[in-house]
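Colleague: I'd like to go over a predicted model; first the sequence, then the structure.
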Amino acid sequence: MNKIIPALLFTLLSEMVFAEDSIDELTKQCNLGNAQSCNLLGIKYAEGKEVGQDLPKAIEIFSKACDSNSSEACNNLGFIHSGEYPNFIDEAKSYEYYSKSCSLGHGDGCFRVGLCYDMGIHVAANPETAIEYFTKGCDLNNPNACNTLGISYGNGEGVEQDFVKAAELFYKSCDLNNPIGCSNLGVSYLNGTGVEQNGFLANELFFRACNADYSVACKNLGISFQKGINIKVDRNIAEAYFKKGCALGEESSCAEAERMANNRPAKIKK
């Protein structure tokens, strides 16, 4: 399994109690030192919600909240400097803010620091250190960290290969509503790696992940319906799943959908 870097949206509060507050109210509360309000206000400026997009203003506001030890705001600063916005790319700052976010108990911050060590971004690549941060992120219930840690155990990267541990981590990631984790758990059940082989359960997990728009899971369902893997063969359904995988950006699904369309038997004219 290959590691996939998930897209990151700005980190909101785990309790969205201030999410619907107006710009004026958030500004007032932020000026009074409420770091949660500052984080939400920064998101509005960063995304251009209710105000024109103003990234320098967002950075200023996130910095104020991060200085007050808002893990969400520190994580958002890491995101801004990580590459999403070309004019603000700064790997050193991104690493610094993700590290602080992690130290404040933010699971995604730990996951992102792990990626830095895994991929050699700003720091020398170090698989063992990456594992430490993925483990910390997973312990903080970050689903991406659990999934990536599961892949590391499955591939034996930075740790001794352990398929049982990998499946356990995929299960936790899936339980935390990560469709990639669900799909990877499905592959474990399909192949019987770390768990007792169960093709029916594998397809159920692929359904769940595909319904959450994970392209690879849609492709896997297409293969199951195409080849009758613990499910009745149905070319039309298989083609539909390949098309969905294709629409979601999975290139091999595009080729298979096209091949199936070209080879479809002609309908009998009445």
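Modeller: Looks like it came in fine. Residues are numbered from 1 along each chain as shown.
Colleague: At which residues are the helices of the stretch 151-270 of the chain located?
Modeller: Using DSSP state H, counting those that start in this stretch, the helices assigned to the stretch 151-270 of the chain run over residues 163-175, 179-191, 199-211, 215-227, 235-247, 251-263.
Colleague: Need those helices in CSV (columns: mean neighbour count and mean pLDDT).
Modeller: (C-beta placed from N, C-alpha, C; glycine too.) Formatted as CSV, those follow (neighbours: other CB atoms under 10 Å; pLDDT from 0 to 100):
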stretch, mean neighbour count, mean pLDDT
helix 163-175, 22, 98
helix 179-191, 25, 97
helix 199-211, 20, 97
helix 215-227, 23, 95
helix 235-247, 20, 95
helix 251-263, 15, 90
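Colleague: Residue 94 contacts residue 75, doesn't it?
Modeller: No - applying CB atoms under 8 Å as the test, residue 94 and residue 75 come out as separate, 10.3 Å apart.
Colleague: Now do the shared contacts for these two.
Modeller: Residues touching both residue 94 and residue 75 (CB atoms under 8 Å, 6 or more residues apart in numbering): residue 112.
Colleague: Surely residue 218 is in contact with residue 248?
Modeller: Yes - using CB under 8 Å, residue 218 is in contact with residue 248, at 6.4 Å.
Colleague: what about this protein, any weak spots by pLDDT?
Modeller: The chain contains residues with pLDDT under 70 at 1-20, 264-270.
Colleague: 80 instead, please
Modeller: Residues of the chain that meet the criterion pLDDT under 80 lie in 1-21, 264-270.
Colleague: sorry, back to before: when residue 94 and residue 75 are compared, which one has more neighbours?
Modeller: Shown here are residue 94 and residue 75; by other CB atoms under 10 Å, residue 75 has more neighbours (28 against 23).
Colleague: In three-state terms, label the more buried one for me.
Modeller: helix (DSSP: H, G, I helix; E, B strand; the rest coil).
Colleague: OK, contacts around residue 73?
Modeller: Here residue 73 is in contact with 35, 38-39, 42, 62-66 (CB under 8 Å, 6+ apart).
Colleague: Quick check: closest non-adjacent residue to it.
Modeller: residue 65 (3.4 Å; CB to CB, 6 or more residues apart in numbering).
Colleague: doesn't residue 40 make contact with the one you found?
Modeller: No - Residue 65 is beyond contact range of residue 40, at 9.2 Å (criterion: CB under 8 Å).
Colleague: So those two - more neighbours on which side?
Modeller: For residue 65 versus residue 40, the count of surrounding residues by other CB under 10 Å is larger for residue 40: 29 against 26.
Colleague: so how far is residue 21 from that one?
Modeller: Residue 40 is 7 Å from residue 21, where distance means CB to CB, to the nearest Å.
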